[in-house]
Structures are given as C-alpha cells and as structure tokens.
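Engineer: compute the structure for the input listed below.
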Amino acid sequence: MEHMSNRGVPGGREAEGTGEEVARLREEVRNLRAQVRSRPLISHAQGILQERYRLPDADSAFALLRQSSQRFNVKLRLLAEAVVRTQRPDGPRELWFPGRVRRKPPVLDALGVDDPGHVNRGAVLSAVLSQSLAITGTDMGNVQITDRAARGLRIEHHTGLSEHFVEFFAFVGEDGTSCAKAARDVALTTVHDVATDEVFTDEARHTILAAGSRACHSVPLVGASGECLGMVSVHLERPTKALHPAQAKALAATGRQVGRWLAWHDHTVVVDALEYLHAQGRSGDAGTDTGTRTDS
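Structural biologist: Residues are numbered from 1 along each chain as shown. Take a look at the predicted model:
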C-alpha cells in the first residue's frame with residue numbers, strides 16, 4: 001500500500017527519481033559542451049607533442065597528456081593550455097626547465113587550509129566560493145578562472161544558480177558583465193541592482209534576473225604581480241547597498257591569498273606536470289591509455 005500511495009504523489013519516490021535523472025542528464029550535457037569547447041585547445045596541444053616527440057599518432061599524444069594530467073591532478077585543459085603557451089624546450093636537453101627554483105606555497109589561512117602544498121586546485125576553488133558566500137550571507141555564487149587563450153573567464157564551480165545561468169555564463173568575454181569589469185579593473189565590483197546597472201548586456205541582465213539574482217559582488221583572485229587569475233561572484237536575491245568595510249576587507253584578502261596560490265600552482269605543480277610529460281616524451285613512453293576524456 002505504501003508503494004502504491006507514492007506512485008502518483010508529487011515529491012514521492014518516482015518524482016524524486018525523475019528529478020535526480022534530469023539533474024544527471026543536465027550534468028552530462030554540460031560536461032559534453034565543456035568537452036566541445038576544450039577540444040580545439042587539446043587538439044592543438046596534441047599536435048605540438050606529436051611533432052616534438054615524434055609520436056606515431058594523435059592518440060599517443062593524448063595518452064601522454066592524460067598520463068601527466070592524472071599523475072599531478074591537473075585538469076587536462078589546464079595542462080594543454082600550458083603546453084600551447086609555454087616556450088618549447090631548447091633542443092634535446094634532458095630537462096624542460098633546468099635550474100628552476102621551487103618556491104613554498106603561499107598561505108591559505110583565510111580558507112582554513114593548513115597545508116597549502118598538498119591541496120588540489122579544485123578544492124581551493126570550492127573553498128574560496130564557500131568562504132565568499134559565508135562572508136556575504138548568500139547561497140548563490142560561482143568561481144571563474146581566467147582563460148588566457150580565449151581572453152575571458154570560464155566557470156569552474158557554482159552553487160544555487162540555474163542551469164540556464166551556468167550555461168549562458170560558462171564563458172564570458174571582456175565586456176558586458178560585472179565579472180568582466182572586475183577582471184579589467186582588478187578590483188572588487190558591486191552591482192547594487194542588476195535591473196538598472198548599465199554594466200550588463202540586455203541578454204546577460206535577463207539571464208541573471210531569471211536566476212533570482214538582483215545584486216552581486218565580484219571579487220578578483222589577484223596574483224602577486226597584480227594580474228587577475230580568476231573571479232568569485234556572489235549573488236543576492238534583493239538589491240543591496242555597499243558592503244560593510246569588514247566584509248570588503250575579508251573578500252579582498254581572500255581573493256589575494258587564492259590568487260597568489262593559483263600563481264604558485266601554475267608555476268610549480270603545472271610545471272612539474274610539464275617536466276614529467278617532457279621526460280616521458282623523450283623516453284618514448286607515451287603511455288598506453290588512448291581514452292577520449294577531455295576535461296574542461
């Protein structure tokens with residue numbers, strides 16, 4: 001009888017199962033779209049590696065990328081971007097980066113991380129989003145990373161936002177949004193009312209309002225040299241006034257810590273992955289994994 005009573009009741013077991021299936025399918029679609037966006041960059045990196053190490057085919061180059069990606073817990077897209085933008089090794093030398101000095105990781109005490117040298121990039125980005133939401137007292141937000149190749153920002157983590165919002169803002173260019181302005185100015189940017197602020201394009205404004213956001217704060221993740229390496233944006237349900245000075249100070253300090261850590265990660269962990277990739281390529285050991293995973 002209990003089973004029969006749940007069959008036609010909204011919120012019953014079948015409704016819950018359907019909701020979970022829809023969420024899973026949406027996640028699959030989002031991942032597939034991310035793979036499509038990443039494919040040209042990864043293909044470019046494959047071509048570079050195939051030529052450099054005289055590999056027999058593109059699958060061998062992909063296996064080399066994937067092997068290094070998994071060993072150092074670096075996303076495939078991030079590693080491919082590093083291959084494309086980093087100056088190639090000089091001649092047949094054994095090391096890609098001879099004589100480099102390894103630096104200690106910057107502190108992440110604003111996030112409560114005790115050992116910043118042994119935490120992965122995804123965990124840091126998730127933690128900075130959670131911390132920013134706690135500081136501003138909201139449950140809607142996202143983290144973006146600067147995409148140097150495409151000249152914009154890509155969403156890496158999000159919570160409390162609609163599927164349409166996440167898809168629409170999966171990548172944003174250099175204009176038309178508050179996060180683009182914050183990245184350009186390298187400064188915390190507050191939109192007091194999304195409905196009236198002129199920073200947004202009409203389509204961006206409509207998408208944000210439809211997601212239930214009426215105000216937002218965008219906090220740049222700033223490296224030691226002052227460059228914007230990413231962005232945390234938190235969204236509020238109602239128009240807002242300026243942040244309390246203590247909130248603004250806490251957000252800016254967190255953004256600086258995480259920005260410095262991201263720069264260290266790029267120059268240490270990602271470079272370790274490149275050095276390993278170079279050693280494997282020189283040795284002729286390109287791995288045997290020829291799967292087609294193309295993480296964004």
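Engineer: burial of Arg148, as a residue count?
Structural biologist: 12 (other Cβ atoms under 10 Å). C-beta coordinates here come from the backbone N, C-alpha and C atoms, glycine included.
Engineer: which residue packs closest to it, ignoring adjacent ones?
Structural biologist: Arg85 (6.6 Å; Cβ to Cβ, 6 or more residues apart in numbering).
Engineer: Gln46 too?
Structural biologist: Spatial nearest neighbour of Gln46, chain neighbours left out: Ala61 (4.0 Å); criterion: Cβ to Cβ, 6+ apart.
Engineer: for that neighbour, what are its contacts?
Structural biologist: By Cβ atoms under 8 Å, 6 or more residues apart in numbering, Ala61 lies in contact with 45-47, 49-50, 53, 55, 286.
Engineer: quick one, which of those are buried?
Structural biologist: Neighbour-count burial within the contacts of Ala61 applies to 45-46, 49-50, 53, 55, 286; the criterion is 16 or more other Cβ atoms under 10 Å.
Engineer: how long is stretch 193-209 end to end?
Structural biologist: End-to-end distance of stretch 193-209 (Cα to Cα, to the nearest Å): 10 Å.
Engineer: ok so, going back, tell me the gap between the helix or strand that the residue nearest to Gln46 is a member of and the middle of its chain.
Structural biologist: Under the criterion of DSSP states H and E, Ala61 resides in helix 58-71. The chain centre lies 20 Å from the centre of helix 58-71; the measure is Cα atoms, centre = their mean, to the nearest Å.
Engineer: could I get the full set of strands for the stretch 151-296 of the chain?
Structural biologist: Taking DSSP state E, counting those that start in this stretch to define them, one finds strands in the stretch 151-296 of the chain at 152-159, 171-172, 189-191, 215-222, 228-236.
Engineer: can I get those strands in JSON lines including distance to Asn142?
Structural biologist: Converted to JSON lines, these look like this (distance: least, Cβ to Cβ, whole Å):
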{"stretch": "strand 152-159", "distance to Asn142": "4"}
{"stretch": "strand 171-172", "distance to Asn142": "11"}
{"stretch": "strand 189-191", "distance to Asn142": "14"}
{"stretch": "strand 215-222", "distance to Asn142": "10"}
{"stretch": "strand 228-236", "distance to Asn142": "6"}
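Engineer: looking at those, which is buried most?
Structural biologist: Highest mean neighbour count among these (mean count of other Cβ atoms under 10 Å): strand 215-222, with a mean of 27.
Engineer: so how far is Ala273 from the spatially closest residue to Tyr276 that is not a sequence neighbour?
Structural biologist: Once flanking residues are discounted, Tyr276 sits nearest to Ser68: 5.2 Å by Cβ to Cβ, 6+ apart. Ser68 sits 5 Å away from Ala273, taking Cβ to Cβ, to the nearest Å as the criterion.
Engineer: next one: Arg85
Structural biologist: Taken as Cβ to Cβ, the span from Arg85 to Ala273 is 14 Å.
Engineer: try Gly230
Structural biologist: In this structure, Gly230 and Ala273 are 19 Å apart, going by Cβ to Cβ.
Engineer: also Asp90?
Structural biologist: Counting by Cβ to Cβ, the separation of Asp90 from Ala273 is 19 Å.
Engineer: ok, back up a step: who are the packing partners of the helix or strand following the helix holding Ala61?
Structural biologist: Once the chain leaves helix 58-71, the next helix or strand it forms, by DSSP H and E, is helix 76-85. If you count contacts as 3 or more Cβ pairs under 8 Å, 6 or more residues apart in numbering; DSSP states H and E, helix 76-85 packs onto helix 13-52, helix 58-71, helix 269-283.
Engineer: mind listing what's buried in helix 76-85?
Structural biologist: 76-83.
Engineer: buried stuff in whichever helix or strand comes after it?
Structural biologist: Counting by DSSP H and E, the next helix or strand C-terminal to helix 76-85 is helix 121-136. Within helix 121-136, the residues scored as buried using 16+ other Cβ under 10 Å are 121, 124-133, 135-136.
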